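Enquirer: structure for the following, please:
(chains A, B and C)
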Amino acid sequence: MQKAVRSNLLGISLALVALALVCWGLYRAAGVTGNGGNAASNRPFVVGYVRTPLLAPVFVALQEGTISTKHTKHFDSGSEIGYGLISGDLDAGFVEAAKARNLLSLSRSRGVGLSAVGSIEFPYGATLIIRKDLDIRLNDLNGRTIAAGSPSCRMLHQFTADAKRLEVDLSRSKLIYMSFDDMLPALEARRIDAAVVKGAHAILAESEDHMVLYQNWDVQAGDECCPATLSQTEFLLIVRSERVKDAAALVSLLEQASKKTDPDVTLKATAKMTGFPEEKLERYPIATFAPVSAEWSRILGI
Amino acid sequence: MIEARRISKFFSIVDENGIAAGLTAVLSVSLRIPSGRFVSLVGPTGCGKSTFLEILAGLQAPTEGEVYIDGKLVLEPLPGTRKEMEEYRKRYRFLSPITNSLIRNNPKHDIAMIFQDYAVFPWMTALKNVMFTLELRGVRRSDRKGLALRYLADVGLAGAESKYPSQMSGGMRQRLALARALSVEPKIILMDEPFAAVDAMTRERLQDDLLRLWEETGKTIVMVTHDIDEALYLSDDIVVFSPLPGTIRNQIAVDIPRPRSRDAVDMSDLKTRIRKIYEYDAYAETEYSI
Amino acid sequence: MNMKRLREEERVDTNYAASGWNLVRREIFSFLKASCGSLVTREFLSVSIPLLALWEVIPRTGIVPSSLLPPPSYVAVIGWEMLSSQALLGHIAISLQRLFLGLLLAFALGFPMGVMMGWNQFVRKHALPLFQLLAPVPPPAWVPITIIVLGVGLPMQTFLIFLGAFYPILFNTYQGVKDTEPRYLASGRVFGASEWTLIRKVFIPHALGPVVMGVKIGIAMGLVMLIIAEMHGAHSGVGYVLIESKDYFRVDRMVVCMIVLGSTGWLLIEIMKYFEAKLAIWRMGR
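Expert: A predicted model of the protein is given here:
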């Protein structure tokens, strides 16, 4: 009897030890509460970016050689950059401002500290985009479905005022309201024919080959659907907290690139890196980079 | 009148050792059954009586021999070439897995068959089952339901039209099979151990109902059974088969006048006679040659 | 268990007495009873309520952060918001449309093909090996080539859903028809039934059990392929909302999508199970 009990105990304790080892191994491998190890600080600083004209300062810096390509990595979307930051593949990256707050709270819950050190600003403006296959002019808009942010949206007011001024009849067009992020997909899905959006969204639309029928850059943000400070910010430069010090150099480089460069140089650099045609780029203002504002720091809780 | 001349059925099989072997299920059976008679085929299990019955029904083709119904040749061995097969098909309106037609139903009014299990379709109600055979017979849609109800009443299933076979007892299912068989108004009804799966009490009632129907309609009935008492109670003639390969050992006329009682003395005499034939076959293992 | 069976049979009997609107109402009622009934039993409630409570409490007390595991109350609020003001219903409708289109196509092609292969040796020998070779390719592996050939849009989504549902329906129908008891066929043939009559009245009814099972598996696979298809370049549908939520780092919206998808799958499977139960009356107890 004794022997049987002893061998049972031995078996059970061996199983428990094996189980503990497996759990510990999984825990290390998953790295849920942190990234892979100490080597991070010895690794070169890598910034993630997306190929959009809105990140013009980055392209200028790359062109001029102030940032080397081995410190940058391009991605298809800001969300991938966000997940790359959480997992530690990136030290810094440009993430869309609309996503930044959720990203930060998610990363906090994963035990990863992130903070914003800079922002990309772009003039607001009012633009009317139409679906790529619609070969129409402003006058043909009657009877079409147009999307806008909300009934009180300043861009919408500007557009309707300008339309009246240009004697464009919109009496029979249908207005539906949706959030800006839903507008491009709705355009692709053919649920709407046109949308009144801000300038940055127009760039996004044009990169999908949709067309711009109307632009007015005098519109400033500042109503319920589009609060002033935040609506002009397109991207935030998010950095992993432990590398904020290394990021300071990057911030000043980008500031320089943003302030000092000749518009023509910017245009050519952006066109080269994004593949966006120069003629289209000329119609748009240039994005600027600035260190992160106090307002943003408050909103993001850092 | 249904007549089988020198019917043989030969299967080529592969036995347990993987060696090709031949199996003769039925060996040169010749039998003539006059109209209106009730004939039982008895014999030990697996002696080829079911195969013989299926050949009579047209579900299998014999390797040798012919089947005649009322003097007309209805079945002979399958031909070798495809061309001959086409002519074969045209000549004989019989049913076999290879030759029943693709779209058109070919009702054969001469023969109906009842099996021991799987005689009725469990996914149709009793009424629908009978209406199925009526449809095959070509009855107009408007007449089908009334006719079906009549046949169901004839076999004693008057209140059970909407029941599914799974809701009916074994005895009721066989009644339903009988109703289906009767609904095509055949000249000959073939039955393959129809009452083997029901209990003794139900069996006796079913046998009595079968006798009554037979006497009312005057059809020819050929029944395969392993129960000698049943054969003695029901039939005019008993054909005794030998074990494999199945041949006819003897044909015994049952002269006892109807109505018969199950315990009569003359019945037990005949039974002993048949038993003796069985025992001889079991112990003597005689070779049968043609 | 025998008693329950008896009650079910009685209920089915009475159902055949009703007709028209009454029948529909009774069927829906008994369906709801069968499906939701298994969820609100005492036994399952003793499991589900503690689990829900645990799910609510753990994020609130901070053991797991709520942005990783949103508690049911948050999820309910977000879900309501998505339904009322963010057109989630529209997305669900579009996803369901795609699903049914693909399923219908898979059934319309798979069922007849399965019947033909089960019924006829010639068809089987020519066609079955082809399907047996193609079927093991996991449907998600078809996505890249489908995108190249069909682009991104309804044809691509329908095709992928069709691929997912086709093989289960095909093989189960084939198996069901092939396994038809030969005695039933004999008892039909002996009365002179043609092959076409046999297919309609013997092969197919006999095979309905396996067919329904094949459709169930097809629905499950179709749902999987629906999400995969919508995750690649769709602009609407629940899968798209799921991917968009990932892009916006919103776990709560993802959970809402998962709940929606799970409920849809559950409902469809329950409907199929209800059909299966109705078919059970055809099965003869041995």
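
Enquirer: please give the element, helix or strand, for C:S236.
Expert: Following DSSP states H and E, one finds C:S236 outside all helices and strands.

Enquirer: wait, C:P205
Expert: helix C:204-231.

Enquirer: one more: C:Q157?
Expert: helix C:154-178.

Enquirer: I'd like the next helix or strand past that helix.
Expert: Proceeding N to C from helix C:154-178, the next assigned helix or strand is helix C:182-189, under DSSP H and E.

Enquirer: can you classify A:F289 by secondary structure?
Expert: Secondary structure for A:F289, judged by DSSP: H, G, I helix; E, B strand; the rest coil, is strand.

Enquirer: no wait, C:L32
Expert: Judged by three-state DSSP, the three-state class of C:L32 is helix.

Enquirer: any idea of the pLDDT on it?
Expert: Residue-level confidence at C:L32 comes out at 86, pLDDT.

Enquirer: could you do C:A280 as well?
Expert: 78.

Enquirer: go on, A:K73?
Expert: 92.

Enquirer: so what's the residue in the stretch 101-250 of chain B positioned nearest to chain C closest to, chain neighbours aside?
Expert: The minimum distance from the stretch 101-250 of chain B to chain C, using Cβ to the nearest Cβ, falls at B:Y118 (3.5 Å). Every C-beta, even on glycine, is put in place using the N, C-alpha and C of the backbone. Leaving aside its chain neighbours, B:Y118 sits nearest to C:R183 (3.5 Å; criterion: Cβ to Cβ, 6 or more residues apart in numbering or on different chains).

Enquirer: next, name the residue at the spatial heart of the chain.
Expert: Went with chain A since none was named. Nearest to the centroid of the C-alpha atoms of chain A, with distances taken as Cα atoms, centre = their mean, sits A:E96, at 2.0 Å.

Enquirer: could you do chain C instead?
Expert: With distances taken as Cα atoms, centre = their mean, C:I219 lies nearest the centre of chain C, 2.9 Å away.

Enquirer: does that residue really touch C:L103, like I thought?
Expert: Yes - here C:I219 lies in contact with C:L103, judged by Cβ atoms under 8 Å, at a distance of 6.6 Å.

Enquirer: who touches B:I33 in this structure?
Expert: Counting by Cβ atoms under 8 Å, 6 or more residues apart in numbering or on different chains, B:I33 makes contact with B:1-3, B:39, B:188, B:220, B:222, B:237.

Enquirer: selecting buried members of these in ChimeraX, what would you type?
Expert: Restricted to buried positions by 16 or more other Cβ atoms under 10 Å in any protein chain shown, the ChimeraX selection for the contacts of B:I33 reads:
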select /B:2,3,39,188,220,222,237
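
Enquirer: off-centre distance for the top helix by length along chain A?
Expert: Longest helix in chain A by number of residues (criterion: DSSP state H): helix A:2-30. Once both centres are worked out by Cα atoms, centre = their mean, to the nearest Å, helix A:2-30 turns out to sit 48 Å from its chain's centre.

Enquirer: in its sheet, what does the following helix or strand past it sit against?
Expert: Moving toward the C-terminus from helix A:2-30, the first helix or strand encountered (DSSP H and E) is strand A:47-50. Strand partners for strand A:47-50, identified by DSSP bridges, are recorded as strand A:72-75 (parallel), strand A:92-96 (parallel).

Enquirer: ok, residues contacting strand A:47-50?
Expert: Taking contacts as Cβ under 8 Å, 6+ apart, the residues outside strand A:47-50 that touch it are A:55, A:58, A:67, A:71-78, A:80-81, A:84-85, A:90-94, A:237, A:250.

Enquirer: just the CA trace of it, in PDB.
Expert: Output in PDB follows, covering the C-alpha atoms of strand A:47-50 (Å, rounded to 0.1, in the frame of the first residue of the first chain):
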ATOM      1  CA  VAL A  47       9.400  54.600 -36.600                       C
ATOM      2  CA  GLY A  48       6.300  53.300 -38.400                       C
ATOM      3  CA  TYR A  49       4.500  55.300 -41.000                       C
ATOM      4  CA  VAL A  50       1.800  55.100 -43.600                       C
END
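
Enquirer: okay, now the residue in the stretch 51-200 of chain C that chain B sits nearest to: neighbour count?
Expert: Taking Cβ to the nearest Cβ as the measure, the stretch 51-200 of chain C has C:R183 as its residue closest to chain B, at 3.5 Å. C:R183 sits with 14 neighbouring residues when counted by other Cβ atoms under 10 Å in any protein chain shown.

Enquirer: okay, and the common contacts of C:I219 and C:L103?
Expert: With contacts taken as Cβ under 8 Å, 6+ apart, the residues that reach both C:I219 and C:L103 are C:A165.

Enquirer: list the contacts for A:P123?
Expert: A:199, A:217, A:232, A:285.

Enquirer: list only those of those flagged as buried.
Expert: Applying 16+ other Cβ under 10 Å to the contacts of A:P123, the neighbour count classes A:199, A:232 as buried.

Enquirer: among the contacts of A:P123, which pair sits farthest apart?
Expert: A:W217 and A:Q232 (11.9 Å; Cβ to Cβ).

Enquirer: can you give me the helices for the stretch 151-300 of chain A?
Expert: Secondary structure of the stretch 151-300 of chain A (DSSP state H, counting those that start in this stretch): helices located at A:154-165, A:180-188, A:199-207, A:228-231, A:244-260, A:263-274, A:278-282, A:294-300.

Enquirer: would a markdown table of those helices with mean pLDDT be doable?
Expert: Shown next, in a markdown table, are the helices of the stretch 151-300 of chain A (pLDDT from 0 to 100):
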| stretch | mean pLDDT |
| --- | --- |
| helix A:154-165 | 84 |
| helix A:180-188 | 85 |
| helix A:199-207 | 86 |
| helix A:228-231 | 70 |
| helix A:244-260 | 87 |
| helix A:263-274 | 88 |
| helix A:278-282 | 86 |
| helix A:294-300 | 86 |
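
Enquirer: out of these, which gets nearest to C:G188?
Expert: Distances from C:G188 to each of these were compared using Cβ to Cβ; the minimum, 55.4 Å, belongs to helix A:180-188.

Enquirer: contact partners of the closest one?
Expert: By Cβ under 8 Å, 6+ apart, the residues outside helix A:180-188 that reach it are A:98, A:129, A:131, A:147, A:149, A:178, A:192-193, A:195, A:197-198, A:201, A:204-205, A:208, A:210, C:86-87, C:235-236, C:240, C:244.

Enquirer: cool, stretch C:114-121 as well?
Expert: For stretch C:114-121, the surrounding residues in contact (Cβ under 8 Å, 6+ apart) are C:123-124, C:127-128, C:169-178, C:180, C:195, C:199, C:203-204, C:207, C:211, C:214.
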